[in-house]
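**Q** turn this into a structure:
(one chain, ligands or ions: 1)
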Amino acid sequence: MKNKLQKLRDDFLRQLSTVDTSERLRDLELKYLSRKGELSEIMHELKNLSGELKRDIGGLANAVKTELQDKFTEARRLLDKRSGGERMTDVSLPGEKIINGHLNPITLVQNELEDLFTSLGFMVLDGPELESDYYNFTALNLSPDHPARDMQDTFYIDYKNKSGQYDLLMRTQTSPVQIRAMRKYGAPLKAIIPGRCFRNESTDARHEHTFYQVEGILVDKNINFANLKSFLEIVGQKLFGPDTKLRMRPKFFPFVEPGNNGEYSCFLCGGKGCRVCKNTGWLEIVGAGLIHPDVLRAGGIDPEVYSGLAFGFGLNRLAMLKYSINDVRLFNSGDLKFLEQF
Ligand code: FA5
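**A** You can find the predicted model right below:
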């Protein structure tokens, strides 16, 4: 075994003295010094020896190992130095193309809306995605037995509060941040809140379990429906062009009174009727209304002094319309062929 070790050492050193590229150095490392290399093999065989012999040859093997590793490290240092500190392969090979990332179309629309609303003096706020039942529903006038809760089923967290109730859930809308913002900043208040929402949906081309909304809230003295209408018009014209028209139709949301659905004239057919608007000429995009007095109270604001407006856009839907995307599920697909188009 001593001879074997001696031969391995000599072979290694002889070959090392002729190495002139990092590839050859690497080959040598693999052959002799790696976990499955020849030196490891010999070390492995040591366990079959006994007593003094094992100690002698073991000592020699360790000394050879240290010597070869030191020589190897030194050879690598010299090679690196010769190539200017960098280890190079073939410098004549074409370089690797660095692929640029793309912004998701949802982010593009979100950025446009943030630019618009900050230019109008709105703050951009954030809120928790893991929300309490109280903020997501009760404080927004959806008491625990309110039938309108059925419209927004979500994912509940398996955790009980001190009263033994499950009260943590993934938020279904950005509206709970209305309450948090009112409590934190009081009135007057101007804010938008973009963010991710979750619903227990059977997904299809228009419905996802995870999607984005952007909430808007404005609280001040004498806020009225005309103010709401003008904000929704500004958004439509900014995103879809100056000729975009707005239509508001009544819709029930427990946290606004009166509530409505905002619809824009179809950007594709200009209101004549087409495939995108299902021949109606209008596209339903936003839920909105004047903030219910109970919600202002839950936010710590006196409804006798202040009034407010609120709206909630579906960001995925806005992006679908702006970029003619025909399936909402593409946004979360991670499909580069889709994302690279924007
Ligand atoms: C709401 O969520 C209300 N919070 C909006 C609101 C805010 C009303 C403030 C009044 C005042 P709604 O459930 O309609 O409303 O959802 C709003 C928008 O979110 C929809 O128009 C749609 O664009 C988007 N949306 C809702 N569910 C989904 C889903 N499963 N997948 C993709 N987008 C969705």
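
**Q** how many residues are close by the closest residue in space to Thr138 that isn't next to it in sequence?
**A** Nearest residue to Thr138, sequence neighbours excluded (C-beta to C-beta, 6 or more residues apart in numbering): Pro144, at 6.8 Å. Quick note: C-beta positions are derived from backbone N, CA and C, even for glycine. Each residue near Pro144 was counted by other C-beta atoms under 10 Å, and the total is 11.

**Q** pretty sure Pro144 belongs to a helix, no?
**A** No. Read with DSSP: H, G, I helix; E, B strand; the rest coil, Pro144 is coil and lies in no helix.

**Q** report the contact partners of it.
**A** By C-beta atoms under 8 Å, 6 or more residues apart in numbering, the contact set of Pro144 is 133, 137-138.

**Q** neighbour-wise, which of these leads?
**A** Tallying neighbours with other C-beta under 10 Å puts Phe137 at the head of the contacts of Pro144, with 27 neighbours.

**Q** ok, now how distant is that one from Leu46?
**A** According to C-beta to C-beta, to the nearest Å, Phe137 stands 71 Å off from Leu46.

**Q** and this structure, which residues reach the ligand?
**A** Residues of the chain lying close to the ligand by C-beta under 6 Å from any ligand atom are 173, 175, 199, 201, 207-208, 211, 213, 215, 253, 256, 259, 287-289, 310-312, 314, 316-317, 328.

**Q** tell me how the protein divides into domains.
**A** Split into domains by automatic domain parsing, the chain comes to 2-86, 105-339.

**Q** going along the chain, name the strands of this protein.
**A** 123-124, 130-132, 168-170, 189-198, 210-220, 246-250, 256-265, 282-291, 307-314 (DSSP state E).

**Q** residue contacts, the closest residue to Phe342 other than its chain neighbours?
**A** Spatially, and ignoring its direct neighbours in sequence, Phe342 is nearest to Pro105 (4.9 Å; C-beta to C-beta, 6+ apart). For Pro105, the contacting residues are 319, 322-323, 325, 331, 342, by C-beta under 8 Å, 6+ apart.

**Q** apply 10 Å and report the result again.
**A** Contact analysis of Pro105 by C-beta atoms under 10 Å, 6 or more residues apart in numbering lists 315-316, 318-320, 322-323, 325, 330-331, 338-339, 341-342.

**Q** okay, now Asp150: neighbour count?
**A** Neighbours of Asp150 under the rule other C-beta under 10 Å: 7.

**Q** from Pro250, how far out is Asn261?
**A** 8 Å.

**Q** spatially nearest residue to the residue of the chain found nearest the ligand, not counting backbone neighbours?
**A** With C-beta to the nearest ligand atom as the measure, Gly314 is the residue of the chain nearest to the ligand, at 1.9 Å. With C-beta to C-beta, 6+ apart as the criterion, Gly314 has its nearest non-adjacent residue at 5.8 Å, and that residue is Gln213.

**Q** ok, now which ones touch the one you found?
**A** By C-beta under 10 Å, 6+ apart, the residues touching Gln213 are 171-175, 193-197, 286-287, 311-318.

**Q** just Ile99 next, same as before
**A** Contacts of Ile99 by C-beta under 10 Å, 6+ apart are 336, 340.

**Q** neighbours of Phe252, how many?
**A** Neighbours of Phe252 using other C-beta under 10 Å come to 14.

**Q** please look at it and Asn141 and confirm they touch.
**A** No. Counting by C-beta atoms under 10 Å, Phe252 does not reach Asn141; the two are 11.0 Å apart.

**Q** what do the two both touch?
**A** Counting by C-beta under 10 Å, 6+ apart, the residues touching both Phe252 and Asn141 are Ala148.

**Q** coming back round to it: which of the domains of the chain is buried the deepest?
**A** When these are scored by mean count of other C-beta atoms under 10 Å, the highest mean neighbour count falls to domain 105-339 (a mean of 17).

**Q** let me see the mean pLDDT of it.
**A** Domain 105-339 shows an average pLDDT of 93 in the prediction.

**Q** can you check stretch 76-85 too?
**A** pLDDT averaged over stretch 76-85 gives 79.

**Q** great, nothing more from me.
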